[in-house]
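**Q** I need the structure of the sequence given here:
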Amino acid sequence: MPDTDSHRHSIAARVLAVLLVLIGAVLAAGGAWLASLGGSAYYVITGIAMIASGVLLWRGNMIGAWLYVAIFVGTLIWALAEVGTDGWALVPRLFAPLLLLIAVLLVMPTLTRAAHRWGWSIGASLSVVALAAVFAVFFTHNGAQAARGPLPALAHTASDPAPMSPGADWPAYGGSYSARRFSPLGQITPANVDQLHRAWLTHTGDLPSKAAEGTYGAENTPLKVGNTLYVCTPKDQILALDPATGRERWRFDPEVPDKAIPYTAACRGVDYYAVPGAPANAPCAQRIIFGTLDARLFAIDAHSGARCRDFGTNGEVDTKIGMGRTPPGYVSINSPPTIVRGVVVTGHQVLDGQNRWEPSGVIRGFDAKTGKLSWAWDMMHPDWDGYPPEGQIWARGTPNMWTIASGDEALGLVYLPMGNASVDYWSGKRRPPENFYATSLVALDVTTGKPRWRFQAVHKGVWDYDFGAQATLVDWKGTPAMILPSKQGDLFVLDRRTGKPLTPVAEMKVPQGGVEPAERSPTQPVSRWHTLRQPPLTERDMWGMTPIDQMVCRIQYREAAYDGYFTPPTADRHSIEYPGYNGGTDWGGIAVDPRRGVIVANYNDMPNYVRLVPRKVAQRRGWTPRDQTNGEIGGNEGAGSPQANTPYAVNVNAGWRLPFTGLLCKRPPYGGIRAIDMATGKTIWDRPFGEARTNGPFGIPSMLPVTIGTPNNGGAVVTASGLIFIAASTDNLIRAIDLATGKQLWSDVLPAGGQATPMTYSVGGKQYVVIYAGGHHFMETPVGDEVIAYALP
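**A** Predicted structure coming up:
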């Protein structure tokens with residue numbers, strides 16, 4: 001039978017027909033499932049229509065092509081109705097369907113003998129151009145947001161209550177123990193920052209052994225005091241560098257074994273301490289004090305790196321004394337202590353998720369000169385002042401402080417951001433003092449080690465919402481205050497003398513239920529002054545690379561327990577935790593320009609997909625505490641955590657990623673950076689933070705230099721000239737951003753991930769900006785050992 005205009009067979013059309021039928025079948029089946037869960041009916045309708053289109057194309061019927069054109073037009077209308085012109089949200093809705101449209105337009109000439117048939121090829125080409133143009137506009141719109149308010153005038157005091165504050169030096173992890181991350185230096189300005197170049201690069205030499213692969217994440221912010229830069233590597237080697245050249249002067253290696261690494265090998269920083277009254281040239285008159293992954297506390301000479309013999313035993317103290325059994329990796333110090341009135345206050349990380357009765361979260365204060373224990377705060381034994389009585393140990397499983405404290409020398413207070421009692425996702429065995437102090441900012445008197453006050457941000461938490469960031473000390477309308485960021489995205493302003501909120505805090509009604517409904521608090525505290533938290537997730541927020549994986553995410557959303565913020569975890573199905581345990585704000589904290597009264601906060605915006613696993617099921621899967629297995633180190637926090645001595649283990653899909661593409665189920669952005677007026681709490685500007693260049697499906701970098709807003713870890717530094725320096729994002733860039741507008745003014749590609757907070761100092765009148773590019777296993781950025789300094793020509 002001869003071909004006609006409406007029925008003409010072609011190989012290309014039949015190949016496309018098979019593809020349409022296969023895709024349509026998946027969409028129809030999955031769409032029917034989604035619709036039965038109460039989700040969008042778009043997928044089942046589109047799937048059936050695509051099957052029909054494919055069948056008609058197989059038969060050589062032009063109507064099949066026109067049917068797909070109609071499908072695309074309907075898809076376009078539906079997509080714009082769901083998400084408007086949000087470019088990244090439109091990607092899974094339109095990109096793959098448009099590629100199929102181009103393929104349909106290209107095969108249409110093979111289905112007819114009409115003279116004009118190859119005009120469809122021209123139309124297809126124009127469609128490609130239109131596609132590129134439309135998406136370019138959408139991406140540009142998505143990545144650049146206008147400022148919402150003016151930058152406050154220079155009307156605030158910049159005085160820092162800390163005894164050592166930044167200037168030519170950077171004498172503490174956060175600049176000072178006030179943790180403002182602000183420098184009064186101004187040689188590098190918005191006008192000349194585009195001339196910034198690498199002044200020097202130094203390799204620390206600390207890279208993971210084969211046993212430690214997949215565990216490194218340096219997170220280090222160096223110190224600069226006098227004419228020396230002090231760097232701490234992932235396994236706690238201390239390097240003294242010439243700050244002008246990067247040349248190594250000396251190195252101290254505490255010889256930490258790989259088996260001591262918890263989830264991450266990291267050393268966020270060290271402390272500098274000058275012994276009062278000591279002759280300036282005496283050994284250890286100026287010393288570097290730091291903790292290690294195997295929970296030792298060291299003091300070494302700041303000029304030579306030699307051990308301080310008058311500190312503890314040969315320059316070190318074992319902080320595990322009094323804890324009882326502590327398997328390797330269970331207790332580690334990866335944050336710098338805080339020194340107030342000569343007392344070295346340190347907490348420690350306890351390996352999360354292993355056992356309800358893990359080692360204690362006890363906080364200790366040691367004499368900065370002798371290393372002698374001054375006091376210990378064990379919340380279960382408030383009457384104990386020193387080491388436990390003979391035959392006893394500090395209470396196991398209590399909340400710990402794994403992150404960095406801030407301190408007020410004048411008030412004699414140290415401010416502890418506390419975590420949960422172990423374990424994070426089940427609360428039934430927690431004791432009253434644990435419930436009282438968990439997920440709280442606790443102010444301790446450094447003379448006695450006793451609590452002065454506490455402010456709690458989560459009641460009986462089962463979401464791993466520990467405080468990850470330092471509180472930042474500020475003057476707020478004449479009151480000694482602090483700004484306290486949280487993983488939930490809230491910013492609280494407190495009187496640092498009393499803990500009383502200076503801005504509105506409300507108790508919000510939250511979802512109930514879960515596996516322990518009697519334990520859940522009916523309300524949770526939230527800031528009514530400012531929050532980084534986004535609105536609750538909806539099905540429309542689901543994402544993917546194509547309509548198929550977006551549909552899968554929609555099905556997962558509909559199947560999960562989710563009633564908004566603080567939805568309790570469940571065992572019969574997954575639950576959605578949003579924000580996830582990476583924040584909001586994590587250990588990078590915030591930066592504050594005290595002269596202008598501006599807060600700079602970079603933040604994460606990702607959910608977790610969580611499920612409690614009954615004990616018998618966990619045992620069948622081999623989920624046992626690390627000390628009861630083969631001792632493998634590393635891993636992702638919460639992914640198959642055994643939570644021994646509770647009824648449930650937990651499996652946390654951090655970021656809620658699809659297993660086959662690695663993409664996140666929530667639409668971008670996944671991270672942002674925001675400037676906030678400290679006087680009013682109003683947003684000055686807010687924009688997605690991080691490019692898509694190193695991210696993509698199946699772990700393949702897209703190399704797209706477009707802003708998507710990536711996950712980020714690490715903080716920012718603000719300078720008096722109105723610049724923000726920050727790395728943190730997963731695109732391996734360090735940036736300079738205009739404080740006034742949020743516009744990026746300069747960037748450089750780092751040789752490894754920049755999951756650390758930069759710092760700045762001056763030598764001989766020249767200002768330098770330094771970043772430790774060490775990468776991070778959890779953030780999936782390349783691991784390196786480079787310390788890089790930037791300066792003007």
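
**Q** Any regions of the stretch 451-600 of the chain where pLDDT drops low?
**A** Counting by pLDDT under 70, the stretch 451-600 of the chain contains no low-confidence residues.

**Q** Helices along that one, start to end?
**A** 547-559 (DSSP state H, counting those that start in this stretch).

**Q** Are we agreed that A601 is in a strand?
**A** Yes: inclusion of A601 in a strand is indicated when DSSP: H, G, I helix; E, B strand; the rest coil is applied.

**Q** For it, give the beta-bridge partners.
**A** Counting by DSSP bridges, A601 forms beta bridges with R674.

**Q** Can you check the pLDDT for it?
**A** Listed pLDDT for A601 reads 98.

**Q** What distance do you get for it to S721?
**A** Counting by C-beta to C-beta, to the nearest Å, the separation of A601 from S721 is 20 Å. Every residue, glycine included, has its C-beta placed from N, CA and C.

**Q** Mind pulling up the pLDDT for T629?
**A** Model confidence at T629, expressed as pLDDT, equals 72.

**Q** Oops, could you answer that again for G774 instead?
**A** Among the per-residue scores, G774 holds a pLDDT of 97.

**Q** Quick check: end-to-end length of stretch 243-258?
**A** Stretch 243-258 has its terminal residues 30 Å apart, counting by C-alpha to C-alpha, to the nearest Å.

**Q** For the closest residue to G580 other than its chain neighbours, the count of nearby residues, please.
**A** Nearest non-adjacent residue to G580, counting by C-beta to C-beta, 6 or more residues apart in numbering: N608, 3.8 Å away. By other C-beta atoms under 10 Å, 22 other residues sit near N608.

**Q** residues contacting N608?
**A** In this structure, N608 makes contact with 576-578, 580-581, 638, 652-656, judged by C-beta atoms under 8 Å, 6 or more residues apart in numbering.

**Q** Please apply the same query to L745.
**A** Listed by C-beta under 8 Å, 6+ apart, the contact set of L745 reads 190, 193-194, 723, 736-738.

**Q** which one of those residues sits closest to V510?
**A** The closest of the contacts of L745 to V510 turns out to be I737 (C-beta to C-beta; 35.0 Å).

**Q** and that closest one, that one's in a strand?
**A** Yes: looking at I737 with three-state DSSP, it is inside a strand.

**Q** Distance of the residue nearest to G580 relative to M508?
**A** Between N608 and M508 the computed distance is 20 Å (C-beta to C-beta).

**Q** which secondary structure elements does the helix or strand encompassing V344 contact?
**A** Assigned by DSSP states H and E, V344 belongs to strand 343-346. Packing partners of strand 343-346 (3 or more C-beta pairs under 8 Å, 6 or more residues apart in numbering; DSSP states H and E): strand 338-340, strand 363-367, strand 413-417.

**Q** so is L20 in a helix, a strand, or just coil?
**A** Classification of L20 by three-state DSSP places it in helix.

**Q** how many other residues sit next to it?
**A** When counting by other C-beta under 10 Å, one arrives at 27 neighbours for L20.

**Q** For it, which non-adjacent residue is closest in space?
**A** By the measure of C-beta to C-beta, 6+ apart, the closest residue to L20 outside its immediate chain neighbours is G54, 3.4 Å from it.

**Q** dump the residue contacts of the one you found.
**A** For G54, the residues meeting the contact criterion (C-beta under 8 Å, 6+ apart) are 16-21, 24, 64.

**Q** In PyMOL, select just the buried ones from those residues.
**A** Command for PyMOL, covering only those of the contacts of G54 found buried under the criterion 16 or more other C-beta atoms under 10 Å:
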select buried, resi 16+17+20+21+24+64
